[in-house]
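Undergrad: Have a look; sequence and predicted model below, questions after that.
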Amino acid sequence: MVSVQAEIGLLFLVQVQIHWVMDDLNRLASMKNSGIFRTFASCILGLFAFGNVFANDIVFRSLVAPSENTRFREINRLQLNVERLTKSLDSVVQAIERHGEEVSDHRPPEASTVALCELIGKLKSEDAQAALVRLMKHRDLNVSMLAIGQLGHHRYLDSIDELKGLPRREAYLDSYAFRFSVIRSLIEMNHPDATEALLLLRRGLDGQLQYHVDRYFDEQTIEDFNGDQVRFEAFSKRLDEGFSSQMTQVADEPQARLASVSGLFKLSDSEPASLNRLKFAPQEYYGIEIHSKRLLFILDHSSSMKDPWYGMPRLDRAKGELIKAIRALPGDVEFGIVAFHTRVHQWNDGLVEATIENKDLAIEFVRGLGYGDRTNTYGALRTALDYDADLEAVYLLTDGKPTIGELVSHQSILMDILHRNRFRHLNLNTIGVAVDGFTQGFLKRLADESGGQFRLAN
């Protein structure tokens, strides 16, 4: 029995032969005073038209094959032949839609799905934009987010109006990952229409997303508005009015503190006027600024955390820093704690408000942690990815390389976690305690490629 791979390979060779004779037949069909030849050639070309449909079916079957290797062979062929990719675009879109139907809560789309969306994005054509907009409306959020990401990354400016309508989708309210995709795509457009849309959306943002939008606004100049001074000044005025309104709200809160001598906010005379607004100095954890309103602390308490670190066990010092961070959390933040060694265990099933009572309970949990056994870093990171749909940022502290779990090699963990995080958009921050060079590189790459920061604890 012929395998699927062999059948697809044979059909591909037949398709190549077809393309070789198409030009000759077209010339034959257009010849004058050769009625019989024209009729014959037209009939054959009609058969070839049917053959093109069949060829597209070959592309589709290859791209939905059970094997990732088969899918990537077809992806490589499409990548090398832009004309073939353009002709097969509808089949590619249908394949991605099929992939979306196969996704489950615990199984994100395969790497082939990501690669196909990237192929479409790189075409930079009207047909490619239409295909991505179609995928953006897919009921599977993972497929939708991939398409949204490509529209922004390749600056398909004519899709901005479509992106502006996404906040009306239920997913925008329910899923941080979806909100992140929409906001990032509008930021990457760097176009006045997108910027003005972000100004309206900012009212409903907080935490990490508000931080990203404000950084983007701070960098806007009249050049980003195509030299349109009237439009830029109108934007700046609305932006300042929004900040003034926000500051009034903060000042009315019972515990609001606005004294600059306390270092609570910073102003800089050297910054442009657009930056000259109140800026609250964020809380820090090991020198990493905390902008998130929904965050998760992950603490390694494996046996190696017994080793001394500046005169006391590593775990004791780490506990002290974590307790200090918990105490400093403002009341409008939600947080959680995960501790791990061989096993991974959560303080709570999900995020909780940073009330005094909850912070006291969390501190009690941290103080009660003893020394475990080995280091299941992968298990801890997978727990973070599945922890809470509203989670924005993770702060992972560990003192050694992974030694147990479903995955233990640095490269395997990076490939798996970073791929899964494409559909979660967590800001992964990492802190290394007396780690070797290899583990330091692993933690740094994990942070860098997820928009987080790495720090060596000292």
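TA: The structure has been received and is ready for your questions.

Undergrad: C-terminal to the helix or strand where residue 357 lies, what's the next element?
TA: Secondary structure assigned from DSSP states H and E places residue 357 in helix 356-367. Using DSSP H and E, the helix or strand that follows helix 356-367 in sequence is helix 377-385.

Undergrad: returning to what we had before: who touches the helix holding residue 357?
TA: Contact with helix 356-367 is made by 299, 319, 322, 323, 326, 327, 329, 335, 337, 339, 347, 352, as judged by CB atoms under 8 Å, 6 or more residues apart in numbering. (C-beta placed from N, C-alpha, C; glycine too.)

Undergrad: Now with 6 Å, please.
TA: Identification of contacts with helix 356-367 by CB atoms under 6 Å, 6 or more residues apart in numbering yields 319, 322, 323, 326, 337, 347, 352.

Undergrad: Let's see if you can find the most crowded of the residues you listed.
TA: Neighbour counts for the contacts of helix 356-367 (other CB atoms under 10 Å) peak at residue 322, which has 24 neighbours.

Undergrad: Per-residue confidence at it, what does it come out as?
TA: At residue 322, the pLDDT value in this model is 98.

Undergrad: in what helix or strand does it lie?
TA: With DSSP H and E as criterion, residue 322 is part of helix 314-328.

Undergrad: The next helix or strand after that helix - contacts with which helices or strands?
TA: Downstream of helix 314-328, the next assigned helix or strand under DSSP H and E is strand 334-340. Other elements packing on strand 334-340 under the criterion 3 or more CB pairs under 6 Å, 6 or more residues apart in numbering; DSSP states H and E are strand 294-300, helix 377-385.

Undergrad: For strand 334-340, which strands pair with it and how are they oriented?
TA: Counting by DSSP bridges, the strands paired with strand 334-340 are strand 294-300 (parallel), strand 344-346 (antiparallel), strand 352-353 (antiparallel).

Undergrad: Tell me the buried residues in the second one?
TA: Within strand 344-346, the residues that qualify as buried are 344, 346, counting by 16 or more other CB atoms under 10 Å.

Undergrad: Residue 201: which element?
TA: According to DSSP H and E, residue 201 maps onto helix 192-201.

Undergrad: Show me which positions of that helix end up buried.
TA: For helix 192-201, by 16+ other CB under 10 Å, it's 192, 194, 195, 196, 197, 198, 201.

Undergrad: Listing request: residues of the stretch 251-400 of the chain with sub-threshold pLDDT.
TA: 251-280 (pLDDT under 70).

Undergrad: list the contacts for the residue lying closest to residue 152 once chain neighbours are set aside?
TA: Distance criterion CB to CB, 6 or more residues apart in numbering; nearest residue to residue 152, sequence neighbours excluded, is residue 185 at 2.9 Å. Residues in contact with residue 185 (CB under 6 Å, 6+ apart) are 148, 151, 152, 163.

Undergrad: Out of those, which sit inside helices?
TA: 148, 151, 152, 163 (DSSP state H).

Undergrad: So which residues make contact with stretch 389-398?
TA: Contacts of stretch 389-398 (CB under 6 Å, 6+ apart): 175-176, 207-208, 285, 292, 294-300, 318, 384, 426-431.
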